[in-house]
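Visitor: after the sequence you'll find the predicted model.
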Number of protein chains: 2
Amino acid sequence: MQPAARRRRLEPDQRKAQILAVARRMFGAGTYASVSTTDIANEAGVARGLINHYFGGKRGLYLEVVRQMMVVPAPATENLPMTTVEERLAIGVDRLLDVVERNRQMWLTAIGPEAIGRDADVERILAEGDEIAADRVLEAAMMTDIVEGREQLRAMIRSYGSMVRAATREWLVRGTLSRQDLRVMLTGSILHLLEVTFPAALRARRAASTDGEPS
Amino acid sequence: MQPAARRRRLEPDQRKAQILAVARRMFGAGTYASVSTTDIANEAGVARGLINHYFGGKRGLYLEVVRQMMVVPAPATENLPMTTVEERLAIGVDRLLDVVERNRQMWLTAIGPEAIGRDADVERILAEGDEIAADRVLEAAMMTDIVEGREQLRAMIRSYGSMVRAATREWLVRGTLSRQDLRVMLTGSILHLLEVTFPAALRARRAASTDGEPS
DNA sequence: GCACTTATTGGCGCCTTGTCAATAGGTTCG
DNA sequence: CGAACCTATTGACAAGGCGCCAATAAGTGC
């Protein structure tokens, strides 16, 4: 280790970015509890107090890391060709798998929501991400103008999102599913969800509201 | 507070059970980091050191809590009538929803740790639970003797399990889906997964292995 | 070269956890 | 009925982590 390379002064944004980069890597490697702010500060070559200054504390830093992770899978549904819904969905799934495969480590860290125990703030950040993802699916399926049962549909898509995450884990971590398996499974499932399950749920809902409430 | 009710001596099993009960409640309420062993010890009316003695430490206690939570949804697929697969699955789903509805709080706390990843031990415990759940599904679907692609199938069912957990959260926490919605959605999805998606993935797999590897 | 802003530091106090020898509840045996 | 014994239970100590804040010094403009 060098004889304490003299103190350097950076723009707040740069410093924040630098610390964040280190934090992302270290939280990705260990657990929230197993990584100390001292570790991060040392690794980044700054005083521990600086973390508190910029992020309010360990918790704030962690939340920032999670927030940044959620932005990854954004451009998976841009400029889809105007063909059938099935094909558009298939392409969307494929693009997602591309992004996931390329950013393997970051993706796993992002979806392996590592906070120990559920936390209101983390929960909210993750929820925002799910919301965006749901929008993209609706867009790809050309169903953005659905009104009846819109909230139910979005909820179903969010649930589907959990299956997507779990499936990528099976693929990347356990190796039990191939990328091709995921293509078939994820495309087929979302298509069936949108075109069969959702309408069926709608019908059941209508029947229930006219026949009087069932159990 | 009483004048420090005199020290009582219990059987190890009883004491462990008592501490575990308190820990379950408190970890359910807060975060792993936000709950201190001191809190738990006070609430349980014992010395903090006793926790270390019985569980090895905070971590051990937490793992035990998680392990105990995973046992909840066991008897959802016992004694299913010998009718169609569809009906058996529907009944299984319905029974699961019963259990979930009755043990609402405990269920939510139990599936919360889905957001825990990262930690090898916790991961393993959760994985065991998923494995059991997958067995139950195969049993209900009368597909216990599948051999070709068995591991793929199990992996898909595990992924489906994640969707189940997410859907129950939508139902119980956010109120965006009704119980009836869940019935329709979960039954339809698993049926489609078993009877359409899985065979399709198998075909794709076979085609790939004879035509030479695709990208 | 000098003031001035503010990024950065380093140390203090509190809290939490793991360890371990000492204590005392309950039981058994003379 | 009392003494010896086993072990459940305690309490204090030390190491380490985190938040806080006044002091310091790196740049910048005059």
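Guide: Noted; the coordinates are in hand. Numbering: from 1, shown residues only, chains lettered A, B, ... in the order given.

Visitor: next, count neighbours for A:V22.
Guide: A count of neighbours around A:V22, defined by other Cβ atoms under 10 Å in any protein chain shown, yields 18. The way it works is simple: take the backbone N, C-alpha and C, and place the C-beta from them, glycine included.

Visitor: excluding residues flanking it in the chain, which one is nearest it?
Guide: Ranked by Cβ to Cβ, 6 or more residues apart in numbering or on different chains and with sequence neighbours excluded, the top spatial neighbour of A:V22 is A:A44, at 4.4 Å.

Visitor: check A:R158 too.
Guide: For A:R158, ignoring the flanking residues on the chain, the nearest one in space by Cβ to Cβ, 6+ apart is A:D130 at 4.7 Å.

Visitor: tally of neighbours for that neighbour?
Guide: Residues within reach of A:D130, counting by other Cβ under 10 Å, total 20.

Visitor: separation between it and DNA strand C?
Guide: 31 Å (Cβ to the nearest atom of the strand, to the nearest Å).

Visitor: then A:R205?
Guide: Taking Cβ to the nearest atom of the strand, one finds A:R205 at 47 Å from DNA strand C.

Visitor: doesn't A:L153 make contact with that residue?
Guide: No. With contact defined as Cβ atoms under 8 Å, A:R205 does not reach A:L153; the gap is 11.6 Å.

Visitor: what is in contact with the two at once?
Guide: Shared contacts of A:R205 and A:L153, defined by Cβ atoms under 8 Å, 6 or more residues apart in numbering or on different chains, are absent.

Visitor: which of the residues in the lowest-mean-pLDDT helix or strand in chain A are buried?
Guide: Using mean pLDDT, DSSP states H and E, the weakest-scoring helix or strand in chain A turns out to be helix A:104-111, at a mean of 76. Neighbour counts over helix A:104-111 (16 or more other Cβ atoms under 10 Å in any protein chain shown) mark A:M106, A:W107, A:L108, A:T109, A:A110, A:I111 as buried.

Visitor: repeat that for stretch A:137-152.
Guide: Neighbour-count burial for stretch A:137-152 flags A:V137, A:L138, A:A140, A:A141, A:M143, A:I146, A:G149, A:Q152 (criterion: 16+ other Cβ under 10 Å).

Visitor: dump the residues you listed to CSV, plus distance to A:T176 and pLDDT.
Guide: Formatted as CSV, these follow (distance: Cβ to Cβ, whole Å; pLDDT from 0 to 100):
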residue, distance to A:T176, pLDDT
A:V137, 25, 92
A:L138, 30, 93
A:A140, 27, 91
A:A141, 28, 92
A:M143, 32, 94
A:I146, 35, 92
A:G149, 34, 93
A:Q152, 31, 95
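
Visitor: in helices, which of those residues fall?
Guide: Of the buried residues of stretch A:137-152, the ones assigned to helices by DSSP state H are A:V137, A:L138, A:A140, A:Q152.

Visitor: so which of those residues are also by chain B?
Guide: Among those, proximity to chain B is found for A:Q152 (Cβ under 8 Å from any Cβ of the partner chain).

Visitor: adding distance to DNA strand C, write the ones in helices among the buried residues of stretch A:137-152 out as TSV.
Guide: Conversion of those to TSV gives the following (distance: Cβ to the nearest atom of the strand, whole Å):
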residue	distance to DNA strand C
A:V137	41
A:L138	42
A:A140	42
A:Q152	41
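
Visitor: the ones in helices among the buried residues of stretch A:137-152: which two are farthest apart?
Guide: Largest separation among these by Cβ to Cβ: A:A140 and A:Q152, giving 18.7 Å.

Visitor: give me the domain ranges for chain A.
Guide: Using automatic domain parsing, the domain parsing of chain A gives A:12-68, A:71-211.

Visitor: now the end-to-end length of the first one.
Guide: This means domain A:12-68. End-to-end distance for domain A:12-68, by Cα to Cα, to the nearest Å: 17 Å.

Visitor: just the mean pLDDT for that domain, thanks.
Guide: Average pLDDT, domain A:12-68: 94.

Visitor: point to the residue nearest the middle of chain A.
Guide: The residue lying closest to the centre of chain A (Cα atoms, centre = their mean) is A:M70, at 4.6 Å.

Visitor: for that residue, which non-adjacent residue is closest in space?
Guide: Excluding the flanking residues, the one nearest A:M70 by Cβ to Cβ, 6+ apart is A:G129, at 3.8 Å.

Visitor: do A:S178 as well
Guide: Residue nearest to A:S178 in three dimensions, not counting chain neighbours: A:W171, with 7.1 Å by Cβ to Cβ, 6+ apart.

Visitor: also A:M26?
Guide: Leaving out its chain neighbours, the residue that sits closest to A:M26 by Cβ to Cβ, 6+ apart is A:V35, at 5.0 Å.

Visitor: distance check, that neighbour against A:Y62.
Guide: Separation of A:V35 from A:Y62 (Cβ to Cβ, to the nearest Å) stands at 9 Å.

Visitor: give me the common contacts of the two.
Guide: In contact with both A:V35 and A:Y62: A:F27, using Cβ under 8 Å, 6+ apart.

Visitor: what is the neighbour count of A:T210?
Guide: Applying other Cβ under 10 Å, we find 6 residues neighbouring A:T210.

Visitor: please apply the same query to A:A201.
Guide: A:A201 - counted by other Cβ under 10 Å - has 24 other residues nearby.

Visitor: what separation do you get for it and DNA strand D?
Guide: In this view, A:A201 and DNA strand D are 44 Å apart by Cβ to the nearest atom of the strand.
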